[in-house]
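>>> Sequence and predicted structure are below.
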Amino acid sequence: MNMNEELIRPSSLPKLACCRCYVSQSGTSEAAERGTRLDAIIREQWLNPSPVEGLSQDDDEAVTWAFNALKLLSCDMQVETREEELRAVVPVDGIKAGTMDALCVAGGWLADFKTGQVRDYAAQMAAYALACMDSYFADEWTSHLLFIDQQLTVSHRWTRAEAEELVLGIVNKPQVPTPFENCSWCGAFETCEAVRAATTEVTPALPKLTADAKGKGQLPPSMEGMLTDHAAAHEFLSKLAIVNDWADMLKSKLRDQLAPKDGQEAPASKYFTRVVVSGSKKVNPLSLAKYGMELGYDRMLKICAQIPLSKVKEVWKEVFGDKPVPEDIIVTSGGSVQLKLKPLKKSLSTTNEN
């Protein structure tokens with residue numbers, strides 16, 4: 001591995017398996033913060049079982065299910081949930097040490113709590129399993145993924161060869177941008193060439209959906225074949241998801257832009273109304289020149305805006321040469337106060353060390 005490359009976190013491996021160029025975004029989302037909070041509560045509950053105050057009904061149900069699932073898996077064996085004892089040092093170059101959520105050495109298994117939807121975290125579990133096999137001189141190790149919102153346990157028994165093949169395959173994968181369903185989570189989403197190419201490929205294939213076509217449930221010819229070619233359908237839907245992610249981002253920024261100026265939030269509606277605002281009608285001053293005699297030049301010039309002195313000097317010089325512009329026609333307006341940095345004199349900027 002290149003010494004300048006940043007180490008890969010085990011939790012990033014599932015996304016890197018889809019796109020080796022995936023970059024984690026800075027900061028944490030509300031969903032991620034919830035997951036971290038509930039993880040800590042479950043691990044603390046295992047050490048010191050006691051009622052938890054202030055949890056919503058959904059969070060309370062998730063924590064209770066996770067505790068009972070962990071107890072069922074333990075079979076009365078010791079399960080470690082202290083964060084400081086759960087460091088997983090992965091024996092693969094380029095992988096950063098991670099932190100498991102629970103570990104049962106006697107049972108030969110580890111557990112990780114996941115909130116939200118059921119997703120593929122196999123690569124992360126393979127890395128943790130390798131760390132455990134290396135630490136406890138084992139040839140096999142089991143991982144349990146506890147999806148606490150879905151109340152589902154996904155278990156897998158890893159051999160060393162299987163886990164190494166999966167993790168090394170991701171580490172050594174060519175760094176080619178590849179669109180996938182979670183592109184919007186990537187820190188490079190807005191600048192990724194593969195994302196832009198995917199949106200370009202999808203949008204021409206989407207003609208306007210007429211009421212007649214919608215009523216008949218009729219697909220355009222360019223999409224009809226996807227009903228029998230599921231691989232093409234999956235590819236199309238993956239690219240379409242990227243287009244929708246861009247649309248969601250645009251909607252969010254438009255809502256911020258159109259929010260009331262008095263500090264109130266913009267309406268929660270996800271729809272926008274197209275309003276045509278007529279432009280203000282104006283007259284080019286040059287067009288009035290032919291009516292100068294009738295309107296009178298004094299009347300005409302009063303309705304014109306003041307002209308910058310630099311512009312007057314340009315036309316003045318064409319007619320009067322080096323003759324200066326008369327001071328009596330120059331006015332000063334629109335002054336402002338500005339701050340500028342003033343350098344200290346050398347004698348004052350020297351630090352007094354006495």
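Good, I have the coordinates.

>>> Go ahead and flag the most central residue of the chain.
Nearest to the geometric centre of the chain sits residue 185, at 4.4 Å (Cα atoms, centre = their mean).

>>> Could you look up the SS state of residue 146?
Going by DSSP: H, G, I helix; E, B strand; the rest coil, the secondary structure assigned to residue 146 is strand.

>>> Isn't it up against residue 69?
Yes: look at residue 146 against residue 69 with Cβ atoms under 8 Å: they come within range, at 5.4 Å. C-betas here are computed from N, CA, C, even on glycine.

>>> Counting neighbours, go ahead and name the busier of these two.
Taking other Cβ atoms under 10 Å, residue 146 and residue 69 do not tie; residue 146 has more neighbours (24 against 20).

>>> Provide a list of residues in contact with the more buried one.
Residues near residue 146 by Cβ atoms under 8 Å, 6 or more residues apart in numbering: 66, 69-70, 111-114, 152-153.

>>> hmm, 7 Å instead?
By Cβ atoms under 7 Å, 6 or more residues apart in numbering, the residues touching residue 146 are 66, 69, 111, 113-114, 153.

>>> Of the residues you listed, which is the nearest to residue 177?
Relative to residue 177, the closest of those is residue 114; by Cβ to Cβ it sits at 26.6 Å.

>>> Run through the stretch 151-300 of the chain and note the low-pLDDT ranges.
Flagging of the stretch 151-300 of the chain using pLDDT under 70 yields the residue ranges 198-199, 201-207, 209, 222, 239-247, 249-251, 258-279.

>>> all helices of it, in order?
With helices called from DSSP state H, counting those that start in this stretch, the stretch 151-300 of the chain shows them at 160-171, 193-202, 211-216, 221-224, 230-258, 292-295, 297-302.

>>> out of those, nearest to residue 119?
Smallest distance to residue 119 across those (Cβ to Cβ): 14.5 Å, for helix 230-258.

>>> rewinding a little: which one among the contacts of residue 146 gets closest to residue 331?
Nearest to residue 331 among the contacts of residue 146, counting by Cβ to Cβ, is residue 114 at 71.2 Å.

>>> Can you get me a residue count around the residue nearest to that closest one when sequence neighbours are not counted?
The shortest distance from residue 114 to any residue other than its chain neighbours is 5.1 Å, reached at residue 147 (Cβ to Cβ, 6 or more residues apart in numbering). If you count neighbours by other Cβ under 10 Å, residue 147 ends up with 22.

>>> Then residue 10?
For residue 10, the neighbour count with other Cβ under 10 Å is 26.

>>> Which residue is the nearest non-sequential neighbour of it?
With Cβ to Cβ, 6+ apart, the residue lying closest to residue 10 is residue 98, at 3.7 Å.

>>> which residues touch residue 104?
Residue 104 neighbours (Cβ under 7 Å, 6+ apart): 74, 77-79.

>>> Phi first, then psi, for it.
phi -120, psi 100 (degrees, to the nearest 10).

>>> Which residues are in contact with residue 151?
Counted by Cβ under 7 Å, 6+ apart, residue 151 has contacts residue 65.

>>> To clarify, my last question referred to residue 185.
By Cβ under 7 Å, 6+ apart, the contact set of residue 185 is residue 25.

>>> Against residue 97, how distant is it?
Separation of residue 185 from residue 97 (Cβ to Cβ, to the nearest Å): 23 Å.

>>> Let me know the closest of the contacts of residue 104 to residue 107.
Nearest to residue 107 among the contacts of residue 104 is residue 77, at 5.2 Å by Cβ to Cβ.

>>> just checking, that closest one touches residue 106?
Yes: distance between residue 77 and residue 106: 4.4 Å, which falls inside the contact criterion (Cβ atoms under 7 Å).

>>> quick one on the thing from earlier: which one (most neighbours) among the contacts of residue 104?
In terms of neighbours by other Cβ under 10 Å, those top out with residue 79 at 22 neighbours.

>>> quick one: that residue and residue 257, what's the gap?
51 Å.

>>> one step back: counting only helices, which of the contacts of residue 146 make the cut?
Within those, residues falling in helices by DSSP state H are 66, 69.

>>> Which pair of the contacts of residue 146 spans the longest distance?
Using Cβ to Cβ, the two most remote members of the contacts of residue 146 are 69 and 114, lying 12.0 Å apart.

>>> Could you pull up the contacting residues of the closest residue to residue 23 other than its chain neighbours?
What sits nearest to residue 23 in space, not counting adjacent residues and going by Cβ to Cβ, 6+ apart, is residue 187, at 3.9 Å. Shown in contact with residue 187 (Cβ under 7 Å, 6+ apart): 23-26.

>>> circling back to that earlier point, which neighbours do residue 146 and residue 69 have in common?
Here residue 146 and residue 69 share the contacting residues residue 153, scored by Cβ under 7 Å, 6+ apart.

>>> Residue 126: which element?
In this structure, residue 126 sits in helix 122-136 according to DSSP states H and E.

>>> Mind listing residues that contact that helix?
Taking contacts as Cβ under 7 Å, 6+ apart, the residues outside helix 122-136 that touch it are 10-11, 13-14, 17, 88-92, 95, 98, 100, 105, 110, 112, 138-139, 141, 143, 145, 156, 158, 160, 163-164, 166-167, 170.
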